[in-house]
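[1] This is a predicted model, with the sequence first.
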Amino acid sequence: MDCRKYQFWRAVRPFSFTVALCACLTGIASAWAAGFVAPDLAVLVVVAGVLLQAGVNLINDYADLVQLRSHNGTAYLAMQLIRRNFQAGLSCFALAALIALYLIAQVGLPLLWLCLVGLAGALSYTLDPVNYKNRGLGVVLVFWLMGVLMISGTYLVIAGSFSLTVVWQSVPISLQVSLLLLSNELRDYESDQHDGIGTLAGRIGYRRACQLYVLLLLATYASAVLLWHEGLLAQCWPLLLTLPALWSPLKLLRAEAQQRVKLTPHTGRLLTLFGLAYCYCLVAAVPGVPSWTPFSG
């Protein structure tokens with residue numbers, strides 16, 4: 001048994017921090033576009049978001065304990081590593097909760113309800129009795145929890161009030177977040193099938209999961225264009241600069257399992273590039289923000 005997957009640095013999955021960073025930055029950019037700026041609160045939100053993401057990653061393997069109890073030898077070491085990571089994950093949640101309490105004191109009770117929903121979702125990702133990852137609901141629920149909810153919560157902290165506009169503006173990034181999780185399920189498709197883990201990809205089959213991956217990609221760009229058409233994005237064309245980053249993950253969908261290990265980090269790179277370009281599209285009309293077009297000199 002290979003215990004390396006349970007080592008702390010691999011378990012914390014730092015490449016996935018792009019989810020929290022892009023979500024929080026989108027909420028900050030949306031608030032800035034609406035005229036609200038609070039740098040101190042913005043930094044705290046980003047730190048809390050990364051801590052929450054780290055916590056989710058560290059408890060992600062806890063459900064593996066049930067399977068490991070039936071093994072011998074190195075299984076004991078793996079179980080020790082999982083328990084250690086689980087405790088570290090709970091510590092991340094505790095630190096994020098402390099920051100959240102301070103932010104709630106600044107903003108009010110509406111943020112408390114958002115935080116409670118987010119924490120419940122984070123703990124239920126792989127923990128029984130919910131374990132919505134094993135129920136094939138991960139791709140759907142992260143759209144709301146790590147996408148819409150985190151972006152709207154960030155906006156609430158910066159602006160001090162809720163806005164339906166930010167919900168619509170959160171859709172493209174939320175789709176990208178779901179795409180990243182789906183890439184993880186596609187990457188681990190064979191091993192998850194062997195271990196009986198009921199991810200969405202495992203339930204609908206690899207071919208249909210690949211089709212869903214492409215559909216989410218198309219929906220990401222289509223939703224951004226629609227938002228621009230409705231006046232909710234100041235610009236849209238900078239997103240075209242991210243199109244070359246599509247080639248690698250789309251190619252990896254057709255690769256063998258050993259080569260497919262790169263699918264998730266390459267999808268994460270796409271999320272980072274798209275997220276930064278999207279944040280610029282949100283604030284391009286803000287006074288003081290450099291603005292240009294492909295046709296400008």
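    Received the coordinates, thanks.

[2] from here on, contacts and neighbour counts on C-alpha atoms
    Noted.

[3] What is the neighbour count of Ala88?
    Counted by other C-alpha atoms under 10 Å, the residues lying close to Ala88 total 18.

[4] Is it correct that it is in contact with Val56?
    No. If you go by C-alpha atoms under 8 Å, Ala88 and Val56 don't touch, sitting 10.3 Å apart.

[5] Could you name every residue contacting both of these two?
    Contact with both Ala88 and Val56 is made by no residue, according to C-alpha atoms under 8 Å, 6 or more residues apart in numbering.

[6] Contacts only, for Asn131.
    Ser124, Tyr125 are the contacts of Asn131 under C-alpha under 8 Å, 6+ apart.

[7] do that again at 10 Å, thanks
    Asn60, Ala63, Gly121, Leu123, Ser124, Tyr125, Leu137, Gly138 (C-alpha atoms under 10 Å, 6 or more residues apart in numbering).

[8] and if you look at Val37?
    Ile28, Ala29, Ala31, Ile158, Ala159.

[9] Return the distance of it relative to Ser30.
    Distance of Val37 to Ser30, given as C-alpha to C-alpha, to the nearest Å: 10 Å.

[10] Pull up the overlap in contacts between those two.
    Counting by C-alpha under 10 Å, 6+ apart, the residues touching both Val37 and Ser30 are Ile158, Ala159.

[11] What count of nearby residues applies to the residue nearest to Gly147 when sequence neighbours are not counted?
    For Gly147, ignoring the flanking residues on the chain, the nearest one in space by C-alpha to C-alpha, 6 or more residues apart in numbering is Ser174 at 4.1 Å. Per other C-alpha under 10 Å, the neighbour tally for Ser174 reads 27.

[12] Going by neighbour count, which residues of the host helix or strand of Ser174 are buried?
    Under the criterion of DSSP states H and E, Ser174 resides in helix 171-187. By 16 or more other C-alpha atoms under 10 Å, the buried positions in helix 171-187 come out as 171-187.

[13] so the helix or strand harbouring Cys24 versus helix 171-187, what angle?
    Assessed by DSSP H and E, Cys24 sits inside helix 17-33. Orientation check (axes from the mean of the first three to the mean of the last three C-alpha atoms, to 10 degrees): helix 17-33 against helix 171-187 gives 180 degrees.

[14] Show me which positions of the host helix or strand of Ile104 end up buried.
    Using DSSP H and E, Ile104 maps to helix 75-107. Buried residues in helix 75-107, counted by 16+ other C-alpha under 10 Å: 75, 78-79, 81-86, 88-97, 99-101, 103-104, 107.

[15] returning to what we had before: can you tell me which residues contact the residue nearest to Gly147?
    19, 22-23, 140, 142-151, 167, 180, 220.

[16] confidence score at it?
    We have a pLDDT of 97 for Ser174.

[17] cool, and Leu252?
    So, for Leu252, pLDDT stands at 95.

[18] Against Val261, how distant is it?
    With C-alpha to C-alpha as the criterion, Leu252 and Val261 are 9 Å apart.

[19] Need the mean per-residue confidence for stretch 209-219.
    97.
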